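A.B. asks: Here is my input, please return the structure:
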Amino acid sequence: MKKINIILALLLTLSPITEANAQRKTTKKTTTKTAAKTVVKTQRGSQNETKTATSDVNVKMFESMVPSTAKLMFIDSMVVDKREFLRHIPLNKESGRIEYFNSFFNINKEVNTTVYVNEFNNRSYYAEGDSTQSSIYTIDKLGNKWSKPTRINEISDDFKHPDFPFLCSDGVTLFFGAKGPKSMGGYDIFMTRYNSDDVTWYEPENYGLPYNSTANDYLLALDDFDKLGWLVTDRRQEEGKVCIYTFEFTTPRRSFENDDLSKKELNSYARILKIADTWQFGNREDALKRLEDLKKRNATTSKHTDNINFVINDNVTYQSVSEFKKQASREKYAQLVALQNTHSKNISKLESLREQFASGKTNESTSSSIITLEKQIEHEEIMIKELTKSIRYNENVEK
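C.D. replies: Okay, the predicted model is just below:
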């Protein structure tokens, strides 16, 4: 009996100790779980704060650019798949061409970048790199081979993943899309110009509104001959889609500085919320006709590209581009056709300016424009003769 009483006493003594230990373990687990939840919440909060801070910077940059929004007439827009947007841009042949990277370099890579080739088919601009960074390069055609690429160093690594280059017909103005601290969100359109005196490019500048937004704005292409432009952007679009805005561009750049607009109205133009509201800024019917004429010319050119009538000598006249024996001759013929088209357009411009001058419907710059065009046309005629002679010489000389 005494032994039983001793055992019971021991059990009663140990019971509180066991319960205390169990409570400590439970408390420890609860504390650990609570601490883990607190850490997760803190991390999520930190991430949200970072996103909010970035968003705030983008919004502030956008708002700072609103007062200098360019006044444009957007004549049309269409939503297409991002992977095939190029075929929906009917760029004038005299403005060069834009190809996909894979097509130009004849390779098979998982890239959706583009290459710009000038109207003479002897210079191109493109982006290349990896998942961390890329750069814009230029190459020149020497004979029938492309040169080694030269990086445009002025487009520094501050511009993240620069791509979609486009060179204007003046040969010095280059547009491209890029991310980075100078972008207000995703890709923005940037512009740089070539300084022939120093053989360098000027520091790229954000091209502003309404070309850019807090979404991705990829490509800006301008047709100087038809005064039309195309902006490719994914603003307000679902994943994998882009909107191509067709607009009429004017030089010099116009603004809303002298317009009595409310903040809401100006923001609407800056964001391109309703293109119909911009039709008051130009003659939309005339612009649509130019666009339709451009598409018809491109269709005719594509259909009859191979039908030519080029005299080689007294006994031989080529009727097809495929008849050229040398690749250099084919390339020079392409340059000749582009130059002839430019020459024809400039003659039409000159005739129009002369008519304005004769009727008295002119200003101070008309006389200067006439003189400049006359000199340009004279230079083009010399170039046309030289190219024609060079092609004939190449085809007549046996090698």
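
A.B. asks: Tell me where the stretch 51-200 of the chain has strands.
C.D. replies: All strands of the stretch 51-200 of the chain, identified by DSSP state E, counting those that start in this stretch, fall at 73-81, 97-100, 114-117, 123-129, 134-142, 145-146, 150-151, 160-167, 173-179, 188-195, 200-201.

A.B. asks: Which of these sits closest to R253?
C.D. replies: Of all these, strand 188-195 sits nearest to R253, with 11.0 Å by Cβ to Cβ. Using the backbone N, CA and C atoms, a C-beta is placed for each residue, glycine as well.

A.B. asks: Paired strands for the closest one, with orientation please.
C.D. replies: strand 173-179 (antiparallel), strand 200-201 (antiparallel), strand 205-206 (antiparallel) (DSSP bridges).

A.B. asks: And those strands: which comes nearest R236?
C.D. replies: Here strand 173-179 is closest among these (Cβ to Cβ), at 17.6 Å.

A.B. asks: Buried residues, that closest one. List them.
C.D. replies: 174-179 (16 or more other Cβ atoms under 10 Å).

A.B. asks: Distance to E119 and pLDDT added to these, as JSON lines?
C.D. replies: Putting the buried residues of strand 173-179 into JSON lines (distance: Cβ to Cβ, whole Å; pLDDT from 0 to 100) gives the following:
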{"residue": "L174", "distance to E119": "15", "pLDDT": "98"}
{"residue": "F175", "distance to E119": "16", "pLDDT": "98"}
{"residue": "F176", "distance to E119": "19", "pLDDT": "98"}
{"residue": "G177", "distance to E119": "22", "pLDDT": "98"}
{"residue": "A178", "distance to E119": "25", "pLDDT": "98"}
{"residue": "K179", "distance to E119": "30", "pLDDT": "96"}
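
A.B. asks: can you put those in a markdown table and add distance to M65?
C.D. replies: Below are these laid out as a markdown table (distance: Cβ to Cβ, whole Å):
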| residue | distance to M65 |
| --- | --- |
| L174 | 21 |
| F175 | 17 |
| F176 | 18 |
| G177 | 17 |
| A178 | 16 |
| K179 | 17 |
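
A.B. asks: in the sheet, who's paired with the closest residue to L86 other than its chain neighbours?
C.D. replies: Closest residue to L86 apart from its sequence neighbours, by Cβ to Cβ, 6 or more residues apart in numbering: I98 at 5.7 Å. Bridge pairing for I98 (DSSP bridges) gives the partners Y116.

A.B. asks: I98 against N118, yeah?
C.D. replies: No: applying Cβ atoms under 8 Å, one finds I98 not in contact with N118, separated by 11.0 Å.

A.B. asks: can you pull out the helices in the chain?
C.D. replies: For the chain, the helices defined by DSSP state H occupy 2-65, 101-105, 263-271, 284-304, 327-359, 364-396.

A.B. asks: what comes up buried for the second one?
C.D. replies: Right, helix 101-105. 101, 104.

A.B. asks: The fourth one too?
C.D. replies: Counting neighbours by 16+ other Cβ under 10 Å, one finds that the buried residues in helix 284-304 are 284, 287, 290-291, 294.

A.B. asks: name the helices or strands packed onto it?
C.D. replies: strand 73-81, strand 228-233 (3 or more Cβ pairs under 8 Å, 6 or more residues apart in numbering; DSSP states H and E).

A.B. asks: And for the longest one, what's in contact with it?
C.D. replies: With contacts defined as Cβ atoms under 8 Å, 6 or more residues apart in numbering, strand 73-81 is touched by 88, 237, 240-248, 272, 275, 278-279, 281-282, 284, 287-288, 291.

A.B. asks: buried subset of those residues?
C.D. replies: 242-248, 272, 275, 278, 281-282, 284, 287, 291.

A.B. asks: thinking again about what came up before, in the buried residues of helix 284-304, which has the lowest confidence score?
C.D. replies: Lowest pLDDT among those: L294, with 92.

A.B. asks: roughly how far apart are that one and N92?
C.D. replies: The spacing between L294 and N92, counted by Cβ to Cβ, to the nearest Å, is 6 Å.

A.B. asks: Find the residues that touch each one of these two.
C.D. replies: 223, 226.

A.B. asks: Mind putting the buried residues of helix 284-304 into TSV with distance to Q356?
C.D. replies: As requested, these are exported to TSV (distance: Cβ to Cβ, whole Å):
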residue	distance to Q356
R284	24
A287	21
R290	19
L291	25
L294	24
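
A.B. asks: what two of these are the furthest from one another?
C.D. replies: Longest span within the buried residues of helix 284-304, Cβ to Cβ: R284 and L294, 15.3 Å.

A.B. asks: thinking again about what came up before, strands - which of the buried ones among the contacts of strand 73-81 land there?
C.D. replies: For these, the ones inside strands are 242-248, with DSSP state E as the criterion.

A.B. asks: between those residues, which is closest to L350?
C.D. replies: E248 (22.6 Å).

A.B. asks: pretty sure the closest one contacts K227?
C.D. replies: Yes: contact criterion Cβ under 8 Å: E248 and K227 qualify, at 5.9 Å.

A.B. asks: Now the common contact residues for those two.
C.D. replies: A287.

A.B. asks: Who is the residue minimising distance to the centre of the chain paired with across the strands?
C.D. replies: Nearest to the geometric centre of the chain sits L219, at 1.9 Å (Cα atoms, centre = their mean). Beta-bridge partners for L219, by DSSP bridges, are V232.

A.B. asks: tell me the pLDDT at the nearest residue to Y126 once chain neighbours are set aside?
C.D. replies: Once flanking residues are discounted, Y126 sits nearest to V115: 4.1 Å by Cβ to Cβ, 6+ apart. pLDDT, V115: 97.
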